[in-house]
Structures are given as C-alpha cells and as structure tokens.
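Student: I'd like to go over a predicted model; first the sequence, then the structure.
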Amino acid sequence: MSGVAGKELRIVGFLCNWCSYGGADTAGVARFKQPTDLRIIRVPCSGRVDPLFVVKALLTGADGVLVSGCHPRDCHYTDGNFYARRRLEMLKRLLPFIGIDEKRFHYTWVSASEGQKWQQVVTDFTNQVHKLGPMHAKKESEG
Amino acid sequence: MSDTGYLPKEKIKDFLKELAKDAVVYAPCLEGDIVLFRPFSEERTLCLDRPANTPPKSVIYPQSETLFAFQYKKAPEDHQKMSVELKADIGVPNMVIFGARPCDAKGFRIYDRVFIETNTPDPYYRKRRENTLIVTLSCAAPSPGCFCVAVGGGPAHKEGSDVMMTELEGGYVIEPVTEKGRAILGKHVIEDGKPYLKDAQHVQAKAHDEVRNPFAPDELPKISQSLFNFDGFWEQVVGKCVSCGACTYLCPTCYCFNITDEQGIGSGERVRSWDACMFFHFTLEASGHNPRPTKFQRFKNRVGHKFIYYPEKYEGVIACCGCGRCIRYCPVNVDISEIVNYLKDTHQELHWASSRKEGTQPTVGSTKDE
Amino acid sequence: MNNAEQIKETIARIFPDVETVICYQQGFDGLHATPYFISIPEQVNKLIWNPLCAQNLTSYLPSIKKKVGIVVKGCDSRTIIQYLQEGLIDRAKVVIIGVPCTGVISVKKVLREIGHQPVVDVVFDDNGNIVVKTQKGEKRLAIADVCPDKCTTCQYPTPLVYDHLIGEPIASNKPKEDVYKDIREFDAKTLEEKRAYWEKEFERCIRCYACRNACPMCICQDSCIAETREPHWISQRLSLQEKFMFHMIHAAHLAGRCVECGECERVCPMDIPVAKLKKKINAEMKELFNYETGVNPDDKPPMYTFNVDEAKIKEHKL
Amino acid sequence: MSNIKNPYLPELATVLRVIEETPNIKSYHVVFNDPELMKSFRFEPGQVGQLSVFGVGESTFVINSPPTRMEYLQFSVMKAGEVTAAIHNLYPGDQVGIRAPLGNWFPYEQMKGRNILFIGGGIGLAPLRTLILFMLDNRADYKDITIIYGSRTPPDLCYKDELKEWEERSDVNLILTVDNEYPGWNKRTGFVPTVLKEVAPAPDNTVAITCGPPIMIKFVLEGLAQLKFKDEDIITTLEKRMKCGIGICGRCNIGSKYVCKDGPVFSLAQLKEMPDEV
Amino acid sequence: MRVGVFICHCGNNIAGTVDVARVAAEMRKLPGVVYATNYMYTCSEPGQEEIKQAIKKENLDRIVVAACSPRMHENTFRKTIEKAGLNRYFLEMANIREHISWIGEDKELNTAKAIDAVKMAVAKVMKNKPLYSSSFKVNKRVMVIGGGVAGMQAALDCADGGLDVVLVEKSPSIGGMMARLDKTFPTIDCSICILGPKMVDVAQHEKIKLHAYSEIDEIKGYVGNYQVKVRKKATYVDWTKCTGCGACMEKCPTRNAYDNFNFGVAPTRAINIPFPQAIPKKAKIDPAFCRQFTKGKCGVCAKICPTGAINYEMQDEIVTEDVGAIIVATGYGLFDLDKFPEYGAGRYPDVITGIQYERILNASGPTSGHILRPSDQTEPKTIVFVSCAGSRDKSLGVPYCSNFCCMYIAKQAILTKDHVPDSQSYVFYMDIRSPGKGYDEFTRRAQEDYGVKYIRGRVSRIYPKGKKMVVRGADTLLGTQVEVEADLVVLATAVVSAPGAAGMAEKLHISYDTFGFYVESHPKLRPVETNTSGVFLAGACQGPKDIPASVGQGSAAASKVQALFSKDMLESDPAIAQVNTNACVGCLKCVRTCPFQAIKEEELRNGKKVAKVIETVCAGCGVCTSTCPCGAIQLQHFTDNQLLAEVNAICQG
C-alpha cells in the first residue's frame, strides 16, 4: 500500500523528462522542502500522457493526479504539450461529470529551472488533495 | 400433502423471505426498464410478467470468478528462494433461482453435460449447481422472438428445473420436478395445489400452442452440411452482424470462457471469465494468426456449435433453448432462428449463390477481413 | 415519411455504379427494422422506410472496400462527414441517398409503453403516430413521445451531405440551445449523486461491447484495448472498476469524434445511458474549440490538432 | 470436494535446467515439486501440458521428452506472445505450474512394425522428438526410421546435440536441410517439402508424421499425396490457442473436435472431415 | 526474472534522510528481486564495479539503481550494465535524492516514499525489453546559419578541421553586428579591423560555401542527414558578374532608401553595397525603393553597370543543401525605440540607440566618424546615455539583463570624449555590470579618466526644450530629481531575440524560451547543444552575449560538430515508437499528431494499410502512443504497459 497510512494520500505525478522532471530535480538540488505524498512517473513528454492513465490511477487507488510538462511553446518536442493541454483539459472537464472532483486532478507547466514553482505546485496540490481527503476509503468495502 | 402446491399471489414475498432464510434467493427484479436476477430483498421490485433481460446463468456460472489465488513467497532466510502458494476456494452458499423461465432452466442442462457429466468435471460449476435450487415459472405467453418449442423445449418444459410454477389468476401452481424441489412443498405458505393442477395444465398447453416454431413442420431442425459449409451463405446472412457479444452473453446456453491471470505485485488470481466466440480476440493466437478471423467464420462456429457440434456430442440435443434473447437484444436484429431455418432447406445453395453477382466478392467485410 | 418508393427508384438507378446498397428491411417483428444489403436491384422490393429505421447504417462504411450506396438520415450524415474529416472513407466510393427525417422511434421506449408485450402489428398513421397492436389491444403513441433522446433536440433533420436527396429538405424546429440541456442539468447534480449514478449504471454492464461494436466511430474494433494484454488496460475481473474504466476508454477515444448518433445507447442490452458521457465531452468541445462533430468535412477533430494560443483554455490555479 | 481433482489447478513444479536451442527457442527441464507425483506421473508421446507462469498465464506445449525418460519433463518454447516471453525469463529454480497430460497422443501401437517417416520444420520438431526418442528407446518395435528436418538457418535448428547423435546412429536416417546457403553449412539446402520430394521415401508400410509451420505442412501434405501416402498414414499434430485444456472453453475447436481434448494428434483422414479452420 | 536493486547512500545526501538499508530489505521481499544492496556511492568506480560483479555473480538480468536523478546518471549506469553484458535498457533508476531525500525532512515518510519509488522502478524494469540501436551514415557536411562573428568562427573552425561548410547569411554581407561596431571594449581596438580579415578568410576558404542574402525555407531529416532548403533571395544583380565597383550605387537616383546596415542613421541608395568591407562585396537592389520597381522605369544602374550584371527579372532561387549537422548562430535583435513612449517613442531624432551611435562614431559610417547629431548635424556637447532601456523591466517583457550594454556605454562615453574633448557624458544606470576580464577597470576608467558622470537611477522622461533634450530622472543614491539638458541621448536598448527566431526554431525543431532565445540542452554542462541532436547553438541566439563569448561558443559548437563527425556511422536512439502491425487499424491518427512527420502510411504484403515509423526521424516523444486508440503504436521504453506497471505499483501495490 502506497502512502503512509494516516499521514499521506496517494498522489501520482506524470512529469515530462525535459522540463518538469528537471524542475523537480532543481527543486531537490535547492533543497526546497515539499510534502512527500507525490509519487513521480517520468515520461518523455506531457504529450505522452494519455488522459486514461489519469483515469486509471483515480479509479484504482490514487487520491490525486498531477501532470506537469514544459511551458507551452517550450516543449522539447515542439508540440507535445499542446496536445497534452487539449487532452487534459478535456479530462479535467469530464471528471466532475462522473463524480470525481476535478480538484483531484491538476495539470500545469513547470520548466527545468523553476524549482521554486515546482515546490509551490507540489505543496499546493498536495494540500488541495488533503482538503478533499481520501477518495477510496469509503469504497473499500465494495467489491 | 399432495404432489402439487399452491402459492397465493399475496404470499409471494413471504415465500421468498422463507426461502431466503437459508439461501441467497435470486429473483427477477425491475431495475429501471429492465429485469435482472438480483439477490432478493424487500426494497426490490419483483417482476414476473416477462422474462428477465439476462438469464440467471451468472448465478451458477458467474461472468468472472477466481479459479485460484496465487502468492509468491520468499523464504525469510534466503531471498533468492521463491515459492508459490495456490489457493482454490470454492465456498458457495445455498442459492435459489426464483422465477427463471423454462428456457433458462434448460440452459443449465446444456451446461451440466459439459461441466459435470464428463471425466473432468468442473468443480466450480458443479458446486454452485448442486447448491442451487431452481424454481421456474412457466411462460403463459411467448416473448418477442422466442421459439423454445422449435428446439426441444416449451413454455412449461421441466428439464433443468427443480420446481415448476404456473401462474393462475390468484396464485401459482407449484409442481416439484426433482427430489430437491419437492422440499419446497413443505414451506409454510404453500397450500395444496391439487385443485388447481388442471387449470395449470390448461394454461401450459395453451401457451405451448402460441409459441412460434420457425422450423415447423420439423420437430428439430436438420442442418444442410453443404449450405452450412458454403461461405457465401454466411456472407449474406451475417453481413450486418457487428460482432459484439450481446447474443452470447445473454444466451442461457453459451458457456465459452477465457482464463487469465490478473496480477498485483507478487500475488494475484487466475480468473475464469465469460468470453464470446463472436470476438476476434477469442481465437487470436500469439503469433497473430487467427483461425477464425472473420465474423462469418465466427458466426458459423456459433451456429455450428449450437446446432451441429453439440448435438453430435450429446445425442442430438440442440444447445439452444429458444429464449429469443439473442434476437430481441441483437443491435442489428440478426435472427438465429431465421438463419437456421435457411440452413435446414437443402435446396437453397443455388439461391444463395445466385443472389450474388457473378464473380463478385462479399462486399461487407468483417472488421478484420484480410 | 412516405419516401420508400422514391428510395427504391433511386437505388435501382444507382446500380450498377455501386456493388451494394445498404438500406433497411423489416426485422424479426413489426417493431424492428434491420440493415439490408442489396447486391442486385431486384432485392429492393423488401426495402422499408419508416420511423423504425433508427439504426445508423454508416457504421458499415469503413470496412467496405467496394463502391457502395447507402441510405442516410440527417443524423447519420454526420458520421459520414466525420469519416471524411478523419480520412476513414473515400467519398468517391460512397453514393449517399439522403432522406430528411422527422424523427425515428426508440424501440425501448415503445416497449415500455406497451408493457413489453410481443407486438402483433405496427402501423404509422399520417399524424405522426405509431399504432402498436399487441395481444392486449392497440396503443397509439405520438412518435415525438417515443423517439430517441437525440431526436428531441435534432438540429440536422436533413442530411448534411448526399448525392441524392429524397423529398424536400426539412429545417430543424428544435432550439439549438437545448442540445446540451440534459448535460447541463445532470452536471448540476452533486459529485456524490453523479458518482452514485454512474456506479449504479455501470454495475449492470456485462462487457458485451455492443456499444463499442455498434459505434460508427469505434474504429479499433478487433484491436480494442479493452480486450488486449498488450497493452493491458483492464482485467477480466468483473469489478465495477473495470467496467467504469472500459466506459471511460470508450468516451476518451471518442473525444471530439462522437457524432451523437446514439447507437451505443440504442444497442445496449442493459439499458445503460452510455451516450451521455460522450455527449458531455462534445458539449465541452463545443465550448472549448467551438467544434461540432460531423458538420464540416474540412474541420479537424480537436484532439488531433491544437492552437499555440488556446483562447478558451486557461491555466488552472491551485 | 477434495475427492475430485480440480482440473484448473496446476501442479507446482520447478525449473531444473534451461537450454538455449536457438535464438528464440528455449527448452525447459521441469520437475514436479511433489516427488511422489514425479514418480507416479504418466503420459503418452504427443500429449501436451499447460505450463503456467503465475501472474502471466498459461500456454500449451507438447511434453517433448519421451515417457521412457522420466527424470524431468521437457518443454520447448518459442518466444511469441506474453506467456512465452515470460517463460523465456525463467531461470533454474523458478516456480511454474503444470497441468498435464492433456489431449491424445501418437498412435504408436499401430505404428509398430512399420517404417516411420518424420518430417519437421523449426520448432515443429518438438512434438516429433518425444516420439522419436520413444521409438529409439523401443527401437526393435519399428522398422526404418527416417527424419527430414529443416529450419531457416543452421542456428535455428533445435536439439543440435541430439541431431548429431542421430546423425551418427546407423539405425536412423537423418536428413537435415536449411532454407538457403549458409557459411559453414555443407549439408542440404532447400525447403523441407522440396527435400521431401528429392528424398522421395516409399509409402509402403510407412507412416509419415509431420509438424511445422502451417505453410510447410501444406506443401508436405501435398508432397506426401504425390508420393502416394494414404491419408490414414499421415499424422500431424496441431497447435491452437487453448485455455481450459479440457474441451470446454470453446476456442480450440475445429467443428466438433476440440484440439486440446480430441487432439492435438490427427491423421490427415480425420482432418479432411473437419472444417477448414486450421 | 532476476532483478538486482542497488540503493545509493550518496554519502549522507540520501542516507541522511532515507533508511537505505530498510529500502534494500523491503526490495529483497519482492518477487523477481533476487539481489538488493545499499552502497555508499553507487556512481563511483567501485560502486559501478559492484554492479558489474553482482550481475555476473547473481546472474542478474535487470537492474534498478535508486540514487540521484536519472537526468544525472542514467547514462552512467546504462554503460555500466552494458559492460556487464546486459542490454542498456534493462536499467531503471529511482530518483530518491532530488525527489525524496533532499525535499523531505521526515525520515519515516522519506523511506516509505523511497520504497514506493524503487518498487515502481522494479515494476517497470520487469516490463522492459532489450532495445537495439541501428546505425546510419553521417553526411559530414555542416551548415552554419548566420554569418555574424559566432557563425564565422564556427564556420572557420569546422572548415579548418577539414569539414565542408555551408554558411547561410540572411543579409547581403556577413559580419553581423560586430561589423557595425566602431571599437570594441575593453581594448578599444577597431572592430572591423579585427573582423575584416576573418571575413576575408571565410570568403576565401575553399571548404566554405557561402549563401549570402539567403534564408532557410525548410529543414527535413535528422542528425547526420538533414536536407535544408535555402532560399537565395533575388538581388536583381547577377553576382557572378558584379565586381563590386560601386558605380551603380553612385549613379542611383534613389537616395532615400532605408539603410539596414546603418540602422537608418542616414539613407542609402536603392542599389547599394552595404559597407566598404562587405563580403561578398556585391550590389543588390532594394525593390521597395528602386524606381524600376516602384515606378516601372529608370534603369540607370543597368545602363551604368560595366559588366551588365543588373537583372530586374531575377527571382528567388531555392537550393537544397544536404548536411549532417547544423550550427545556429542567428544572433540577436534590438528593442525598437517606439517601445518607449516616455522617451519620445522614436519621434525625437536626437534620441538614438546605442547601435546607431556606433555607426555615428564609425569612420566609415554616414558621418565619416564625426559625431554629429541627427537633427541638425551639429556636434553635441552634452550626451546622455541611458542604460537598461527595456532591459530588466518585467513590464516590457524583458526581465533579463542584456549583458553587454554597461560595457559599450562606457566605451561610447570614452570615445565621445576622444572625439569631442569638450563634451560631457552622463550615464543613467541601474547597476554597472562589468564582470569580464578587464571590464571593471574599463568602466572605472570612463568615470575616473574621462569624467563621465554616472547617475544611478531610472530616466522617467525625455522631452525637447528648444534644441536640447531634457532628460529627467532620479538619482537614487542622492535621493534627488535630476534633469540634464542634453544635445544627444543614446539609449542602450534591450537585446532581444532575432526577428523570426521562433519560426526558425520551429523549422529546426529546437526549443526556445519565452523571449525567443534558443534553449540549450543543459544550462551548465551542455551549453551549445540543443535537444535536437545534430543542431548546435553559437552566439547570442541563445541569449545576449558579447564578442568573446560568442566567438568561444562558435568554436565550441564547431568542436561538437567535429566530435559528432569523427564517426562514420551514428547510432539511432531505439527508444522510439514502434507499430504492432497486427493491432494497427490504419486510422493514421498518429500521422496527424506526430510533431516530426516521422510516421507514414505503409501497405503490408496482404494489402492492409498501417502506420510506419521512420526510425531516424522519430524523436521519441510518445504523442503518437497517446493518440493511438488501439495501443498499436508504442513508444519503446515508455509503453502503455510500462507506465501502467508504474501506476499499478503506486495505486494497487
């Protein structure tokens, strides 16, 4: 079971290798303290993030999902994050329709140099998810 | 007490409650616009005036069940040493299927031959089958598309049932079919049904006459091998099929399944789940080769299985109970009774061949025609 | 809608330019129509045309390699346009017989009205009613009361693309702003209500994939990731989670592609309102990109393109 | 419940040895964890087993060691799909599951006193191997044994050590071929069906047993017909996608025959009775 | 599977806040993991040696290293396991330093997180497949885009190293910004005197092919094999005939053409040679001003040209150059004066930019080196320099420092004093930035030896008062308002990206920042590489920089190309998209979304149409994989199943 019971929630992060993963590295190098709930999956580009990964995570146990890529116009692969932006926005708007709080899902752009922004994103998003509480606890009893 | 019981309509819920004391009772309940077999409880709305949308097959043969759980274990002293533990748990409560139709019950007999009456019986099915009492309600009138009388059944056919109920105006006449079913006569709310038996038989006979027989005057359809093996026939009759699994999953006699391992980290289950011969993936091999790549071949196999292969194995018994669900709920109205009817006419090949233009190939491909 | 004869004539004329014509014939009972593939003109006498002809026949087009004629209603024509947008069919190989439509019937709704009785006979009168005879009597129903939901807000009663138009074009008399009214209403519910709603609906799913296979835009068909292990998105366990996931896959793959023909919902044997999810996404596509599926062959499906500056997508704040 | 065997529950077994036959075929020596079972286990040449990698699934393979050599069971696995890929990741000591024996077997009793012609291609030698070794272990029962075996290139030949052994034996006539010229290869080249025509074995009192890729089988059957082999004297063993292994689940049937239960061994005469869905 | 897990302490960097021994112990419990250990410095040579030993001894087939960021050491460990005989893609790294030990304080939570991170890596590595790169031939020809000092240096270094070079310059002459400068700081040597010989070297180098007055239309291909379409813009002068005699320019009746070279300080002729040292020294017609084009008649130059080189019918010509690498040295642009309404937005002729002042100072400039103010051609006595005209101003979208303005202002002030000894210069500045060698001394000299008055503060307004310009600002050191009545105001306008930089980046498939400057692979360790392999950066296109830095980068980029071209064959990255033709339904949605046009349609032998990835073009972004509805096109090493394995390890594990 991921997450330390009682203290942490399960938050999955999809980070593009070139910008946001680097931004998280930068934050680390600068020792910017962050909440520990986030578990990071490295992808080459935010354009690689199929919205269904987010759905899968939310349906199977994640309490929150964060996707972060390069700033628009700054994609390592030129256009990847432009596709990501459309797909993820679509998802963001679909989630409440199926009864999942859209606040459990956030997508953003953090560059490799924005360590401080990364710290802010992780902290704020983690707090936001904590405010909503666990998503799956009450479902545990169901098959 | 006589051999026949009677259940006044107003006591039906009491009866179900009594049954529920020592068994899980699955009864047809209204859910939105459709009727499904559900574990009965007070809050649910019983619906007995039409056959359920789905047969009760999943009670005894669940859509997905764990064959066994496995767990990888590491020796505490040597992390290189790993063993596997398998656990097969076939714990099944007592169950009652209440309000199945005779066709549904007959379906279980089709399964029994395959799952139980073999040298490698299936313990999961067998255990559930043994633990389940099947209380059937005879049909007073046919449902759209149904044709039980044409495949060796009937609206009051008793095969597969433990108890047969027949609806009269004020209640249900209850006829035990098996020893197991006889016990039901002992339930509190059951009255003596002898006086009503004649009426019940009358209702049953009337219903029997009303059910259509697409294969008449034949008692059972005999299939023409040459037409059956003529590709052009299938291309014509199932061109519209969309190759989904609605027919097979709603069929009381379809039983094809898949076995897959579904895994977490270090543990998981081997799962047996319904599969459908109409799916491309059903026969797809690892190499990419598929012995039944087109929907024509798949549909042919489905008809063949029900009307040729199964009867060949089991003394002429047709593996179709004529419930009509595959017709009623087919997205595109493919009518198996119509197809079988074509197939039994041995002089039709020419017709099928000539209705296609000379030298042309079928125009409507399956989704995966090559 | 007494256009059957005119359709028959048109079909007779387009042979032998086409090898097959897809139209409708009577199904297994009076309440059902079924697809009819005509390969010689003489077969045309069995053709029917009436409000039973609800099915979207265009689903068959991408798998047909030969030149084909097809009968389409206004709503169906959107599929063809969407196919053209996505390059899935060759326009030159399709002869479209367009028929303006004032509404079809939903078999499910009729059955509900007649108490699921077997029908003996079905007649359509001139006043927009369907008269259904059963053993228990006769019931006259206004088609407007038993039409599929899509008809109640139909914006395109006349096909948007055709080679032959049967009868006269009809203009929509339904307010445009009502198209997504149901979606807005549903969205107004609480998250808990919505979650509970879908869980109850999806729990019934038997994964027969009728919705997928009937969907004209589900082009994967035999390669659908709901059934593969490579990739392995969903398991064969019968949990709500897996069913939910399947329907989310279906919806996500139709984002900006669903032509709202309602086939998925029409064919669902378990009566699950599967079209709703896709309609919701369509509402968002309209809002975000002013994109409507299947109306303009030169449009680009919004998920396969982008703007460097997206006018309607704002960065989300935490 | 315990008195009847659960046919879906595999017996646990351990991989003893892994042999790399070709770049994409490996053979596995497997023993049951229960030594009693290992002692009592019986099977016939040609029968198959379902090999499980728990968490990935099961796949069917012929037990290609002969019943006359019971120190272990051998399975040869060509990497094709998910399960075979997982098997290729196994090492000695790893745990697997086995459901065996399943299906029918080669009618070796009826072959006694006859000439035997084996025709194999690639991994298709695996099912033949069990019968070849069985016959060599009962050599006196059979007359001439001829083996025609080919593969794409020399490295693709399976059981290289045994091939060498058979080649040296005087009571076996081994004919090897590869599709094309290959550095260091000084034996025949050409496709198996072509070589069959060149060798042209006499059909008299001879049973032909063949297994290989479908295209090879097709032309071998043609070749055998030209050589006037009778349909009853041509035996092959089929490979199908199987799940249950006990003739229920419905995917390996060809008409009313279930390959997992009624097969995998069929004579050409039987195959001709069945629909063309191979 | 036999996975080996190596947990790095990284000294105390990780072990300080993560219980590495416990992480290793937890990993040993995982099925498939047959070896797990922790080590002080896994990246050290003994650390790597230990991995190699363990692979051999324990027969490991997949490796997980939990240590620092894979962006740091993935390549290191890939090489390590490759040396031990494993495919390099059987390595996964779990980042337990940057993402865990350095950012969390609670050891308990950190350890739990590290366990998860390593579990995810184990789950993924078990789904990894060996990948093999294929090799392809390199075209050892290099293109340099931009003929400024950086580009020239790169071109010369490459050519001297024996490579064939194609140099493409947008304007009619190479030389770039440096050719326009009068003197260079801090040595005050004549800019064109040191640049001129270099320009001649370029022109005369047999290995360098120069396309002047040319632009890039399209770039296709990939490292080692680019095809570049170069548009040679019409000059209306046949350069094969033009001798550069200048007779046409002298006789041209149109005397009001805009002089790009002199930044409009004075007009030029419609047919002109930009400056005396131009390379190539050829004339070109500006059709926006030429009467032959605007009025349809004139033809003076055609009549006068002794070689008959004038051709009014000339069209742009497209030539395709095949090269293996590209050095981008497209330089920078400058803020327009009209961005400054408070300074008159270009309305006052005596408010000019620094580069215009360079031209006024320059002996070969429009004033022949006499400082004459534009309005009345008189010699200014009071000159105000305004630094940071736009730079370091967020509201103008230029938050950064333009790097060299402080230095050239000091230089220009010194030169002003030399030219006009009785002049007084004032400099309004924010900070004086002079960190280079000899730079600080130089700015001090301006103040101490040349009496330049430095006023710390922003200029709030400039407005005319008679013949003077009043410069009003604050002296933030004294805290007073200051007003200087100046004869001439020179604004050190902000350095911005070159016009069209974004479009060029898109053609090159390289990234650019919000300001249009090109983004290097790594800000410290890979300053001249881009993320598109085979494309390198030199000079101010990457960010404002002065001459020595630009020259240095030109040489650096050249050496990178030399290194790249030292091999005859290159290996392609195998972590690219791959199509499962059995599953592909040929909908070709991937073709639509691929940012690199790396996917095309292919017909299989059985007639089925499927997508096909052009291996060498695919950059491995995975947009296709998330586009494909049937999972048929999978980005290798980041397949759906690999990512799902990670998701499952978190959510279900």
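Tutor: On my side now, so go ahead.
Student: what's the burial count for whatever residue of chain A ends up closest to chain D?
Tutor: Taking CB to the nearest CB as the measure, chain A has residue A:60 as its residue closest to chain D, at 17.3 Å. Using the backbone N, CA and C atoms, a C-beta is placed for each residue, glycine as well. Other residues near residue A:60 number 20, with proximity taken as other CB atoms under 10 Å in any protein chain shown.
Student: Residue E:439 now?
Tutor: In terms of burial, residue E:439 registers 19 neighbours under the definition other CB under 10 Å.
Student: Tell me which residues touch it, please.
Tutor: Residues in contact with residue E:439 (CB atoms under 8 Å, 6 or more residues apart in numbering or on different chains) are E:185-186, E:407.
Student: Narrow those to those in strands?
Tutor: Judged by DSSP state E, these include no members of strands.
Student: I'd like the residues you listed laid out as TSV, including distance to residue B:9 and neighbour count.
Tutor: Putting the contacts of residue E:439 into TSV (distance: CB to CB, whole Å; neighbours: other CB atoms under 10 Å in any protein chain shown) gives the following:
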residue	distance to residue B:9	neighbour count
E:185	106	25
E:186	108	19
E:407	103	24
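Student: Which ones among the residues you listed map onto helices?
Tutor: In helices, defined here by DSSP state H, the members of these are residue E:407.
Student: out of the contacts of residue E:439, who's nearest residue D:166?
Tutor: When the contacts of residue E:439 are compared for distance to residue D:166 (CB to CB), residue E:407 comes out closest, at 86.9 Å.
Student: Excluding residues flanking it in the chain, which one is nearest the residue of the stretch 151-300 of chain C found nearest chain A?
Tutor: At 2.6 Å from chain A, residue C:195 is the closest residue in the stretch 151-300 of chain C, using CB to the nearest CB. In space, residue C:195 comes closest to residue A:99 once its chain neighbours are excluded; the distance is 2.6 Å by CB to CB, 6 or more residues apart in numbering or on different chains.
Student: how about the residue of the stretch 151-300 of chain C closest to chain A, phi and psi?
Tutor: The phi and psi torsions at residue C:195 (degrees, to the nearest 10) take the values phi -60, psi -50.
Student: For it, grab the count of nearby residues.
Tutor: A total of 18 residues lie near residue C:195 under the criterion other CB under 10 Å.
Student: For it, give me its contacts.
Tutor: Neighbour list for residue C:195: A:98-100 [criterion: CB under 8 Å, 6+ apart].
Student: can you pick the most crowded of those residues?
Tutor: Taking other CB under 10 Å to define a neighbour, the member of the contacts of residue C:195 with the most is residue A:98, carrying 23 neighbours.
Student: ok, and the closest non-adjacent residue to that residue?
Tutor: Nearest residue to residue A:98 in three dimensions, chain neighbours excluded: residue C:198, at 5.3 Å (CB to CB, 6+ apart).
Student: Please apply the same query to residue E:5.
Tutor: Nearest non-adjacent residue to residue E:5 (CB to CB, 6+ apart): residue E:36, at 4.0 Å.
Student: isn't there a strand covering the one you found?
Tutor: Yes. When the secondary structure is assigned by DSSP: H, G, I helix; E, B strand; the rest coil, residue E:36 falls within a strand.
Student: what about it, neighbour count?
Tutor: 24.
Student: now the one 4 residues further on
Tutor: Summarising burial for residue E:40: neighbours were counted as other CB under 10 Å, giving 14.
Student: Within the helices and strands, which one has residue C:198?
Tutor: Element membership for residue C:198 (DSSP states H and E) is helix C:191-203.
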